[in-house]
Each structure stands twice: as C-alpha cells, then as structure tokens.
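Colleague: Would you be able to build a 3D model of this:
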Amino acid sequence: MEQRDYEIAKELKDRLSKVVQLIDFRIFGSRARGDGDEYSDMDIFLEVKSLNKELKEKILNTVWEVGFEHFIFISPLIFTKDEIEKSPLKVSPIVKNIVTEGVRI
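Modeller: I've put the predicted structure just below:
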C-alpha cells in the first residue's frame, strides 16, 4: 500500500470513529495490494456494531467527504458484527478474502 493511501485511510478511520463504533476497518483490492493506479477506487471494509438508515447515511457522507477532499473515489462495504458472525457472510468468499488480504488500519 502506498503511503498516501494509508494516510487517506487513516484520516477516514479517524473521522468515522467519531460517527460510528468501528469493530474493523480494512483497505482491500488494488490499492491495498499496491497495484492500483491514480484512477483506482479505494475499497474499504467496515464492520460496525450496529447500523440503521441514519447511521449509514452519516457513514456514506463522511466517506464521500474524505474522498472528495483527496480526489479519490472510496467504495465502502459496510457490515454489522451480527451479519459477519451470524449470517451466510461468515463463509462468503469476499469476506474471507478481505480478512486474509485486507490491510487493517
């Protein structure tokens, strides 16, 4: 992962921590692997304690603001702790890939 991407992710995590109780925050995909280019989006995995419509809107607004400020499109993937632990997501290939290859911030 490039230093600039790490700094953007860190800023996003810090700002989101003021809005939502984060359990896990990871970068995954091309930017995490370091093979993205200037036009690649930043894929973010968020595991939160709970989620409702209002909270999701706050998260998405914060993600958009940070992306806008840094001229990068950030794609969040948001799941609750219960979804990860008690639903079919726990065996989902994308979640397994994110957990093993994603970069925890």
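Colleague: Let me see the ranges of the helices in the chain.
Modeller: Secondary structure of the chain, counting by DSSP state H: helices at 3-17, 30-33, 53-70, 81-86, 93-101.
Colleague: Next, the buried residues of stretch 30-40.
Modeller: 31-32, 36 (16 or more other Cβ atoms under 10 Å). Where C-beta positions appear, they are placed from N, C-alpha and C, glycine not excepted.
Colleague: Show me which of those residues is closest to Glu69.
Modeller: Nearest to Glu69 among these: Arg31, at 16.6 Å, using Cβ to Cβ.
Colleague: hmm, back to that, rank the buried residues of stretch 30-40 by pLDDT and give me only the lowest.
Modeller: For the buried residues of stretch 30-40, the weakest pLDDT value sits at Gly36, with 88.
Colleague: can you pull the contacts of that residue?
Modeller: By Cβ atoms under 8 Å, 6 or more residues apart in numbering, the residues touching Gly36 are 5, 29-30, 42.
Colleague: Over to Glu38?
Modeller: Glu38 neighbours (Cβ under 8 Å, 6+ apart): none.
Colleague: any idea how far Glu57 is from it?
Modeller: Applying Cβ to Cβ, to the nearest Å, the value for Glu38 to Glu57 is 29 Å.
Colleague: Kindly report the same for Arg33.
Modeller: From Arg33 across to Glu57, the span is 30 Å (Cβ to Cβ).
Colleague: Tell me what the spatially most central residue of the chain is bridged to.
Modeller: Geometric centre of the chain, nearest residue: Ile44, 2.3 Å, by Cα atoms, centre = their mean. Note on Ile44: beta-bridge partners by DSSP bridges are Ile27, Pro76.
Colleague: Report the contact partners of Val99.
Modeller: Val99 neighbours (Cβ under 8 Å, 6+ apart): Arg26.
Colleague: quick one: contacts for the closest residue in space to Gly102 that isn't next to it in sequence?
Modeller: Leaving aside its chain neighbours, Gly102 sits nearest to Arg26 (3.4 Å; criterion: Cβ to Cβ, 6 or more residues apart in numbering). Counting by Cβ under 8 Å, 6+ apart, Arg26 makes contact with 32, 44-45, 98-99, 102-105.
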